[in-house]
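In: got a predicted model here, sequence first, then my questions.
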Amino acid sequence: MIYLDYAASTPMSDRAMMTYTKTAREYFANTQSLHDAGTTAAQLLEIARTTIATHVNGDPSGVYFTSGGTEANILALTSLIKRYPKGHLITVEGEHSSVLNTFAKLEKEGYRVSYLTYNHEGRIETERLLEAICEDTILVSVASGNSEIGSTQPLEEIGRELYRRNILFHTDAVQTYGKIPIDVQKMNISALSISSHKLHGPKGVGACYINPSISWDPVIPGTIHEKGFRPGTINLPGICSFTAAVEETFERLESEQKRLQNLRTYLLNGIVHPNIVIEGQKQTGLPHIVGIRIKGLEGQYAMLEFNRKGIAVSTGSACSVGQQKPSKTLLSMGRTEDEARELVRISFGRETTEKDLKKTIDVFQEILTRCSAIKI
């Protein structure tokens, strides 16, 4: 099968796999144990913390390991916001469900939340964000890259304006860490969330970065692991494997960016058609994610047709009881519900080749021909 769903998950790299096995066999001690084996494990944990921090230009003491991007989002937002008994929060309608569900919970607890919409390219306009700020605004959460259409956000501009107003700034960087440069100092990011399995590391591992100068409250009082940020024994093999995947990813970041951009251009040039709509930013954005609509055709049908031809793509949104839900990203961009159901997401990775995309283009053409024949 041709796999074009790398935005959902990636295969573990050989380096990550080998690191996991070696750590699990040789460094299995609990990092909290005071004997030599525990001390050695704790030293490996700190090396991993430094590696993660280095690639966002952050302080290692601000890195906290989690079970993934979802938990990183939930814990980061909750631990930062809970220091304030009440107040105003800002996020975006097209955010990951872990962010939206956390804000929904906070609303029930008495916080006020403003939900921003995207412009026609899937971008947040800084002026509209600033208009939403109130005197008691505590925090703004904006994902650095959209998982459905690959649009990126002006983090540096947003961070600068929020810093001037003493407002906390969280970004979900699950789709962007290891794909585009992120500098928490330059962008004035208070906290960010990342995930291992998006960049060829194991599932069940992620991390949160919180600027050490910012105070936060533990979600569960009395927690000792990760300085109280998260309870539970540290998954050292997974963390070290994650770190190996990060090192490998950043070693090839520049060349991989260029290669993926070339693949994106090749695909887009091959599917030019009046009934094909490319959603998101045309020139910029994440090079590995392409959001596509075939006018009049539900994305779920297109996905099944690709699957029948041995190509794995995504609808870009969850399905419920056999009926595809409209993409929340496209709805936020002003698309109709029918249009939002048309989304197909194609996402590239290390193993993606031009040959893979040639077959993908052929399947698009087959679908368009069939649609034309039945006058969809």
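Out: Perfect, I can see it now.
In: so what's Glu354 closest to, chain neighbours aside?
Out: Tyr266 (5.8 Å; C-beta to C-beta, 6 or more residues apart in numbering). Where C-beta positions appear, they are placed from N, C-alpha and C, glycine not excepted.
In: now for the one helix or strand the one you found maps to, which elements pack on it?
Out: In the assignment (DSSP states H and E), Tyr266 maps to helix 253-270. If contacts are counted by 3 or more C-beta pairs under 8 Å, 6 or more residues apart in numbering; DSSP states H and E, helix 253-270 sits against strand 289-294, helix 354-373.
In: how about those in JSON lines, adding distance to Tyr64 and mean neighbour count?
Out: Output for the helices and strands packed on helix 253-270, formatted as JSON lines (distance: least, C-beta to C-beta, whole Å; neighbours: other C-beta atoms under 10 Å):
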{"stretch": "strand 289-294", "distance to Tyr64": "27", "mean neighbour count": "24"}
{"stretch": "helix 354-373", "distance to Tyr64": "37", "mean neighbour count": "15"}
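In: after the helix holding Tyr266, which helix or strand is next?
Out: For helix 253-270, the following helix or strand on the C-terminal side (DSSP H and E) is strand 276-279.
In: am I right that Ile234 sits in a helix?
Out: No - using DSSP: H, G, I helix; E, B strand; the rest coil, the assignment for Ile234 is coil, not a helix.
In: which non-adjacent residue is nearest it?
Out: In this structure, Ile234 finds its nearest non-sequential neighbour in Thr31, 4.8 Å apart by C-beta to C-beta, 6+ apart.
In: number of nearby residues for the one you found?
Out: Other residues within reach of Thr31, judged by other C-beta atoms under 10 Å, total 21.
In: go on, Asn262?
Out: 12.
In: what about stretch 255-267, average pLDDT?
Out: For stretch 255-267, mean pLDDT is 96.
In: Thr10 is in contact with Thr352, correct?
Out: No - look at Thr352 against Thr10 with C-beta atoms under 8 Å: they stay out of range, at 10.9 Å.
In: my read: Leu4 touches Thr353, true?
Out: No - checked against C-beta under 8 Å, the pair Leu4 and Thr353 is beyond contact range at 10.9 Å.
In: and the two? which has more neighbours close in?
Out: Legend: neighbour count by other C-beta under 10 Å for Leu4 and Thr353, higher for Leu4 (24 against 12).
In: how about the contacts made by the more buried one?
Out: Going by C-beta atoms under 8 Å, 6 or more residues apart in numbering, Leu4 touches 311-313, 346-348, 352, 356, 360.
In: 10 Å instead, please
Out: Residues near Leu4 by C-beta atoms under 10 Å, 6 or more residues apart in numbering: 267, 288, 290, 306, 311-314, 344-349, 352, 356-357, 360.
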